[in-house]
Each structure stands twice: as structure tokens, then as C-alpha cells.
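1. A predicted structure for the sequence below; I have some questions about it.
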Amino acid sequence: MPALNEQLDLIRQSATVAMSDHINVLKAGGREIIGLQVGDPDFATPPAVMQAAMKAVQSGLTHYAPAIGTLELRKAVADKLQRDEGLEYDPAEEILVTHGGIHAYHVALQAILNPGDEVLVPDPSWATHSNMVTMLRGRVVRVAAPAENGFIPPFRWGEKGLTSKTRALVLNYPSNPTGAYPDRTYWVQLHEFAEAHNLWIISDEVYASLYYEDRPTCAASVHGAKERTLLVNSLSKAYAMTGWRVGFLAAPARVIGNALKAGQNSITCVAPFIQHAAAFALTDPAVQQITAEMRAAYARRRERVLHLARELDSEKMRVIPPRGAFYFFLDLRAFRTPSVEICERILDEAGVGLVPGSAFGEQGEGFVRMSIAASDEEVEAGFRKIIAWVEKFQG
């Protein structure tokens, strides 16, 4: 038989997808499951955004679009970055429209990495941050970001692991799975570290607008950082547009030039009617109000979980308040049981879907990720079931 790509033997399929597949099998068999495993907003895409897309289709925006993205959307992205972060980006040369945040991250890496180059990635972090580096024949160097440090890696990062092949460091704040993010002082120190070692900074800011405390600092907003920072973002989480697959990369012009080549030879372009709807979503004041209401709902659910945690007062599970995103990273390390086994048992015995912390790295072992991107009723019922299971747990 012909050989396959051995590089893909080095990565695993998504733990979230695997858990969802298992849940679908159970549901097909008649089980009632509360799914708190997926990071997909339970809200519909704002109706006006859908209407904008339909009108665009009817007007004939159904052919190829510019590979770099329509000027309308690139201007909307530039306006968003100026409005939200105080950053000036040239829509002609410093912004690339992508097929979602994953594709933005993909072409960002393709633009800067050569085979064998090393990338520093926090542990825990979303598995794709490491997997994509491996797929592109780079080498991942994990940097511990333990719970005891607020899930933030030390600002000097993996200095002992730096080599002549180290090219970039990857950040994702607010974090999936922890909801953590650092203060501005940390970013200043991190930029100084990256500058001293001539490193690129790739900042995945998909959850940047989902925060419950002080507004997160954009990686590129630190003085002098913009010239070495690649911003990855999408409309998936903040605008409840996960299925639309539209995002963007904002970076120095020479990076965008390379990333554009990668995009041209992978997706050609993002559908123009989707780009029109995305531009509308980013600029329409009424849509911004809807996204604010979504964030308020996540905040309400977060507070409800924290209230229940205090009320039910389990000594076996530590509940760490997330500062952003829409996940709780529940600490069950006291059980000294693999997180995969914990999730399987909670699913089978309590009927709640979660994601094992080990899917996010060694520092995630003993934790489980619980999403609050579900209805208020599902979040409360699911968390109560988790607490009840925890109290009855026997290893």
C-alpha cells in the first residue's frame, strides 16, 4: 500500500470532537446528556448578520473574492482594531481575511516557520496551537503555565530551552481552557524578552472580547511590539458565528505577503457574501449591543457557577474563577485519577459531557474543562450533577 504522511502520526484527533462523538452515540441510544464540552456559543448568529449575508447572495456576491479579502472587510477589521485596541493597521497590506481563526493561525505559522524551527507554546493550551506547529514540521517546546502561577508562564518563558532554531512564541489570552490572562506589565516584560531573543509573537485573541474583569491587553498594543506580533482572531466566539468560518490575521506587511501565498494555495478566498456579513457584524452598532448581551449572559452563568460552588462547598473540587473566555477549568487533582477517566465516568454516571484537562497538556492533567456556552438551565443542572458525582467519587 502507498505510504501516508507520517507527520500526522505525531498528533491526536481533537479531544473535544472525540467527546462529542461519544455523546452523540449515547444520545442516539436514548440517553439524556448535558453537553458542556463544546466551545460553541448557544446563541444564534445575530439575525441582521444573517440578513446581510442573504442580501449579498441575492445581489450576486457568489463568485471569487480577492485572496487577501475584500477591502470592505479589511477596513472593518482595521476599524475594529483601532476602536478596541487603539492600533493602526493598514488594510491594504497588514490584514488578511482567513477561513476562521484556525486558518489565520495556520497561515501565520506558514509565513514565518521553516522545517525544524522551534515554537514556544504554553502548557496548558488549546491542542491546535501545538498540533499545527507539528503538522508544518516545526518543533514544539512546551512552557509550563501551572495553576499555582495563575496558568501564566513565567515572563522569561522557556529561556533555558531557547536555541538558535527558536522562532516564535504563541499566546492565547483569555485562555482556552483556563480563562486566564495576564496584566499589561507582563506583556511589556514578554515583549522585551521576545525582542532580546529576536522572536515572533503569535497572539490568538479569539476570546479577547469575552472578559469579566479588567479588559485584556492586546499583545500588539505594547510599545514597539506591533512590528513582531501576529494577531489571530475570528468572529466565531464573540459574534456566535462558529459555522461561518471567517477570521483574520493582522501582522507586518512582509508577514501578510507570505501568509497571502499560503492562503491563495489553500483556500483561494473566503466566500464574498460571508465577508460582507462579517464586515456588517464588525461595524453595525446594534450587533455590537447584541454581542455585549451575550457577554453579559456568560458573566451571569459564571457568577451562578461560582455561587453554586460556594453554596455546595465541595472540599474535593477546586473551582477557579475564570477571568475571561467561557470555560471553567475545574481542579480535581485531589482524586489522583487521569482526567480522561474522570470525564468518561462523569459522562457515563452523571450524564454530563466535559473535556479532559490532559488534552491541553501535562499541566492540565487532573483538571476538566466545563463550558458555559450552554443555556443557563443546562449550565446549572450540569454543574450540580458534577458536584454530586464528585461527592460520591470513589477511585
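-> Right, received. Where do you want to start?

2. remind me which residues of the stretch 151-300 of the chain are low pLDDT?
-> Low-confidence segments of the stretch 151-300 of the chain (pLDDT under 70): 155, 157-158.

3. ranges for the strands of it?
-> 166-172, 200-204, 229-234, 247-250 (DSSP state E, counting those that start in this stretch).

4. Need the winner for burial among those strands.
-> strand 247-250 (a mean of 29; mean count of other Cβ atoms under 10 Å). Using the backbone N, CA and C atoms, a C-beta is placed for each residue, glycine as well.

5. Next, find the distance separating the spatially closest residue to L113 that is not a sequence neighbour from H63.
-> Spatial nearest neighbour of L113, excluding adjacent residues (Cβ to Cβ, 6 or more residues apart in numbering): G138 at 5.0 Å. To H63, G138 is 36 Å away according to Cβ to Cβ, to the nearest Å.

6. average pLDDT for the host helix or strand of V141?
-> Assigned by DSSP states H and E, V141 falls within strand 139-144. For strand 139-144, mean pLDDT is 95.

7. Are there helices or strands packed against it, and which ones?
-> Counting contacts by 3 or more Cβ pairs under 8 Å, 6 or more residues apart in numbering; DSSP states H and E, strand 139-144 packs against strand 118-123, helix 127-135.

8. Quick check: can you name the pairing partners of it and their directions?
-> strand 118-123 (parallel) (DSSP bridges).

9. Show residues contacting the partner strand.
-> Contacts of strand 118-123 with the rest of the structure, by Cβ atoms under 8 Å, 6 or more residues apart in numbering, involve 109, 113, 129-130, 133, 138-145, 151, 153, 157-158, 161, 163, 165-172, 175, 199, 360-364.

10. Distance of D204 relative to V121?
-> Taking Cβ to Cβ, one finds D204 at 11 Å from V121.

11. before we move on, what about K55?
-> 42 Å.

12. how's this structure carved up into domains?
-> As given by automatic domain parsing, the domain ranges for the chain are 6-44+287-390, 60-284.

13. Redo those as TSV? Include distance to M50.
-> Putting the domains of the chain into TSV (distance: least, Cβ to Cβ, whole Å) gives the following:
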stretch	distance to M50
domain 6-44+287-390	8
domain 60-284	7
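
14. right, so those: which one is the most enclosed?
-> domain 60-284 comes out most buried of these by mean count of other Cβ under 10 Å, with a mean of 20.

15. distance between the ends of it?
-> 22 Å (Cα to Cα, to the nearest Å).

16. what separates it from the chain centre, distance-wise?
-> Here the centre of domain 60-284 is set off from its chain's centre by 10 Å, with Cα atoms, centre = their mean, to the nearest Å.

17. And stretch 50-57, by the same measure?
-> On the basis of Cα atoms, centre = their mean, stretch 50-57 sits 27 Å off its chain's mean C-alpha point.

18. That one: which residues count as buried?
-> Neighbour-count burial for stretch 50-57, counted by 16 or more other Cβ atoms under 10 Å, picks out 52-53, 56.

19. Mind checking which of the residues you listed are in helices?
-> 52-53, 56 (DSSP state H).

20. Closest one to R12 out of the residues you listed, please.
-> Using Cβ to Cβ, A53 comes nearest to R12 of these, at 34.6 Å.

21. what residues are up against the nearest residue to the closest one once chain neighbours are set aside?
-> Closest residue to A53 apart from its sequence neighbours, by Cβ to Cβ, 6+ apart: A277 at 3.8 Å. By Cβ under 8 Å, 6+ apart, the residues touching A277 are 49-50, 52-53, 56, 244.

22. pLDDT added to the buried residues of stretch 50-57, as TSV?
-> Converted to TSV, the buried residues of stretch 50-57 look like this (pLDDT from 0 to 100):
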residue	pLDDT
A52	98
A53	98
A56	98
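
23. Check this structure for its longest helix and report it.
-> Assigned via DSSP H, the chain shows its longest helix as helix 285-312.

24. For that one, name the packing helices and strands.
-> Taking 3+ Cβ pairs under 8 Å, 6+ apart as the contact cut, helix 285-312 packs with helix 47-58, helix 376-392.

25. In JSON lines: those helices, plus distance to A334.
-> Formatted as JSON lines, these follow (distance: least, Cβ to Cβ, whole Å):
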{"stretch": "helix 47-58", "distance to A334": "45"}
{"stretch": "helix 376-392", "distance to A334": "10"}
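
26. which one of these lies closest to Q264?
-> Nearest of the helices and strands packed on helix 285-312 (Cβ to Cβ): helix 47-58, 22.4 Å.
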